[in-house]
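Colleague: Kindly generate the corresponding structure for this input.
(one chain, ligands or ions: 1)
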Amino acid sequence: MIATIDPNRLWQSIMDIAEIAPTPEGGSCRLALTPEDAAARALFLRWCQPLGLHHEQDAIGNMFLRRPGTDATAPAVAFGSHLDTVPTGGRFDGIAGVLAGLEVIRALHHAGVPTKAPLELVNWTNEEGSRFRPAMMGSRVAAGELPLDTALATTDDNGISVARALSDTGQAGTLIPAPRDWSAWLELHIEQGPVMEATGAEIGIVVATMHARYFQLTVTGEPSHVGPTEMNRRHDSLAAAAEIVLAVERIALAAEPFGRASTSWIENIPNARGNVPHITRLHCDVRHNKAGEAIAMETSLRRTLSDIAARRGVRIDVDPYATFGPIAFDTKLGALLRAKAADRQLPTRDMIAAAGHDSVLMAPLVPSAMLFVPSVGGITHNPKEYSTKEQIAHGAQVLLDTVLELATA
Ligand SMILES: [Zn+2]
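Modeller: Have a look, this model is predicted:
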């Protein structure tokens with residue numbers, strides 16, 4: 001029997017979960033390990049229940065939903081993504097991957113199609129890193145790249161730790177986070193860029209990722225009064241940070257078209273009217289499809305920081321807290337995705353992922369691949385983020401066809 005994706009069922013699930021913590025502009029805001037994230041997880045579990053999946057959860061909150069295979073000893077074929085969002089989240093980033101995975105299992109279940117290998121559907125914790133840094137936290141911990149204790153001790157901007165958020169939302173599982181017994185890892189994701197739409201590709205075969213380097217910069221100046229303190233006696237951390245923000249942007253502009261760099265977070269102390277700020281923290285990242293170029297961007301940034309520090313009499317500490325990539329995804333799995341897309345007459349295009357994804361953490365551990373579906377207008381991390389019902393269904397069908405081949409071989 002042939003298992004076929006139901007585009008309407010998949011679309012309806014994506015629309016239904018978007019109603020949890022909707023934003024006025026049509027997106028969703030479900031930061032990791034908030035009550036809203038927990039509500040989305042609960043709905044997801046409710047959908048999994050009639051499918052007879054075995055639910056396991058690890059101590060960082062990663063969710064694993066297992067459909068048994070006919071061969072209990074075979075390693076599982078795993079797939080999924082993340083349900084958490086950024087504050088200005090759309091309806092598709094991450095969610096499309098988890099719910100396409102759910103649809104794969106629903107389609108197999110309703111068609112009565114068994115697989116030889118078990119299947120595992122995954123929702124990774126805190127992929128976005130908006131509330132707790134670093135991004136891809138759950139998969140980092142599972143991959144052994146980030147110690148569990150370090151992750152649990154990480155706090156958000158209100159001083160709430162990951163451990164506390166996990167227990168408050170009932171998401172701390174009992175499994176020790178660790179690599180699992182998988183033969184393959186697959187992730188469907190929206191492109192988050194304009195290339196596929198512009199070139200008419202329906203399925204993006206992600207062959208590699210960029211290399212990204214993340215920093216926390218702490219600028220330390222001197223507290224003083226905005227009135228009496230003459231301009232030449234000030235050591236204003238925020239003014240220094242302003243120079244840094246523009247320097248970060250300049251470094252990326254000089255590395256176009258593949259260079260990207262941003263300052264995405266700022267904390268200013270005491271952030272009080274009447275005070276010249278004396279501590280300003282920034283989170284920045286530089287990235288490029290060539291690792292050497294990303295490192296050169298960092299070198300250039302560090303040189304600029306030394307110059308700003310010397311000129312303004314402030315101290316600038318650099319904490320390089322995370323990196324990802326560059327990852328080359330498994331070429332055999334890439335070829336299989338390409339072949340399955342061709343079987344469905346879906347035009348493909350090889351893609352490089354500029355964003356970080358949980359697949360980056362899986363790639364060194366297990367043969368891994370990602371497939372993209374188009375993002376209308378390339379808009380993402382924005383309530384206007386959109387992919388059509390058909391585009392997502394096409395991606396889910398290719399995912400299903402690929403999973404079936406891997407799990408029955
Ligand atoms: Zn994502």
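
Colleague: for residue 225, what are its contacts?
Modeller: Taking CB atoms under 8 Å, 6 or more residues apart in numbering, we find residue 225 in contact with 274-276. Any C-beta I mention is one placed from the backbone N, CA and C, and that applies to glycine too.

Colleague: how about 7 Å then?
Modeller: Shown in contact with residue 225 (CB atoms under 7 Å, 6 or more residues apart in numbering): residue 274.

Colleague: bridging residues for it?
Modeller: Residue 225 forms beta bridges with residue 275, as assigned by DSSP bridges.

Colleague: and what of residue 285?
Modeller: Note on residue 285: beta-bridge partners residue 214, residue 262, judged by DSSP bridges.

Colleague: hang on, isn't it packed against residue 211?
Modeller: No: counting by CB atoms under 7 Å, residue 285 sits too far from residue 211 to count as a contact (10.6 Å).

Colleague: roughly how far apart are the residue of the stretch 251-400 of the chain found nearest the ion and residue 188?
Modeller: For the stretch 251-400 of the chain, the residue closest to the ion is residue 357, as judged by CB to the ion, at 6.0 Å. Using CB to CB, to the nearest Å, residue 357 is found at 11 Å from residue 188.

Colleague: is it true that residue 109 touches residue 50?
Modeller: No: here residue 109 lies out of contact with residue 50, judged by CB under 7 Å, at a distance of 8.1 Å.

Colleague: out of these two, which sits in the busier spot?
Modeller: More crowded of residue 109 and residue 50, by other CB atoms under 10 Å: residue 109, with 16 against 9.

Colleague: For the helix or strand hosting the more buried one, what does the pLDDT average out to?
Modeller: Using DSSP states H and E, residue 109 maps to helix 95-111. The average pLDDT for helix 95-111 rounds to 98.

Colleague: Please list the residues of this protein that sit near the ion.
Modeller: When proximity is defined as CB under 5 Å from the ion, the chain approaches the ion at 93-94.

Colleague: And the helices in the chain, which stretches?
Modeller: In the chain, the helices defined using DSSP state H lie at 7-18, 35-48, 95-111, 137-143, 148-153, 162-168, 195-199, 237-253, 291-312, 331-343, 358-362, 389-408.

Colleague: tally of neighbours for the residue of the chain found nearest the ion?
Modeller: Nearest residue of the chain to the ion, counting by CB to the ion: residue 94, 3.9 Å away. Residue 94 is flanked by 26 other residues according to other CB under 10 Å.

Colleague: Now do the contacts for it.
Modeller: 81-84, 127.

Colleague: Next: residue 188.
Modeller: Residue 188 makes contacts with 81, 96-97, 100, 371, 373, 395-396, 399, as judged by CB under 7 Å, 6+ apart.

Colleague: where in this protein is pLDDT low?
Modeller: Residues of the chain meeting the criterion pLDDT under 70: 1.

Colleague: domain assignment for it?
Modeller: Domain ranges of the chain: 7-209+326-408, 211-324, per automatic domain parsing.

Colleague: So which of these is the most surrounded?
Modeller: Most buried of the domains of the chain by mean neighbour count (mean count of other CB atoms under 10 Å) is domain 7-209+326-408; its value is a mean of 20.

Colleague: From what I see, residue 71 and residue 116 are in contact.
Modeller: Yes: counting by CB under 7 Å, residue 116 is a contact partner of residue 71 at 4.9 Å.

Colleague: Nearest spatial neighbour of the residue of the chain closest to the ion, chain-adjacent residues omitted?
Modeller: Leaving aside its sequence neighbours, residue 94 sits nearest to residue 82 (CB to CB, 6 or more residues apart in numbering; 3.8 Å).

Colleague: tell me how far stretch 120-134 is from the chain's mean position?
Modeller: Distance, stretch centre to chain centre, for stretch 120-134: 7 Å (CA atoms, centre = their mean, to the nearest Å).

Colleague: what about that stretch, start to end distance?
Modeller: End-to-end distance of stretch 120-134 (CA to CA, to the nearest Å): 25 Å.

Colleague: From residue 95, how far out is residue 394?
Modeller: 17 Å.

Colleague: repeat for residue 71
Modeller: Going from residue 71 to residue 95 by CB to CB gives 31 Å.

Colleague: repeat for residue 249
Modeller: According to CB to CB, residue 249 and residue 95 sit 30 Å apart.

Colleague: Residue 160 too?
Modeller: Between residue 160 and residue 95 the distance is 24 Å, computed by CB to CB.

Colleague: Check residue 373 too.
Modeller: Distance from residue 373 to residue 95, by CB to CB: 12 Å.

Colleague: I'd assumed residue 156 was in contact with residue 131.
Modeller: Yes: the criterion here is CB under 7 Å, and residue 131 meets it with residue 156 at 4.8 Å.

Colleague: Could you list the residues in contact with the helix holding residue 109?
Modeller: Contacting residues not belonging to helix 95-111 are listed as 1, 3-6, 9-10, 13-14, 17, 44, 47-48, 51, 53, 67, 79-83, 119, 121, 123, 187-190, 373, 387, 392, 395-396, 399-400, 403 [CB under 7 Å, 6+ apart].

Colleague: Quick one: work out the angle between it and helix 389-408.
Modeller: Going by axes from the mean of the first three to the mean of the last three CA atoms, to 10 degrees, helix 95-111 is angled at 60 degrees with respect to helix 389-408.

Colleague: Send over helix 95-111 as PDB, restricted to the C-alpha atoms.
Modeller: Taking C-alpha atoms only, helix 95-111 is exported to PDB below (Å, rounded to 0.1, in the frame of the first residue of the first chain):
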ATOM      1  CA  ILE A  95       7.100  23.800  13.200                       C
ATOM      2  CA  ALA A  96       6.800  22.700   9.500                       C
ATOM      3  CA  GLY A  97       9.500  20.100  10.200                       C
ATOM      4  CA  VAL A  98       8.000  18.600  13.300                       C
ATOM      5  CA  LEU A  99       4.500  18.500  11.900                       C
ATOM      6  CA  ALA A 100       5.600  17.200   8.500                       C
ATOM      7  CA  GLY A 101       7.200  14.400  10.500                       C
ATOM      8  CA  LEU A 102       4.000  13.900  12.300                       C
ATOM      9  CA  GLU A 103       2.200  13.700   9.000                       C
ATOM     10  CA  VAL A 104       4.700  11.100   7.700                       C
ATOM     11  CA  ILE A 105       3.700   8.900  10.700                       C
ATOM     12  CA  ARG A 106       0.000   9.700  10.300                       C
ATOM     13  CA  ALA A 107       0.100   8.700   6.700                       C
ATOM     14  CA  LEU A 108       1.900   5.400   7.400                       C
ATOM     15  CA  HIS A 109      -0.500   4.700  10.300                       C
ATOM     16  CA  HIS A 110      -3.700   5.300   8.300                       C
ATOM     17  CA  ALA A 111      -2.400   3.400   5.300                       C
END
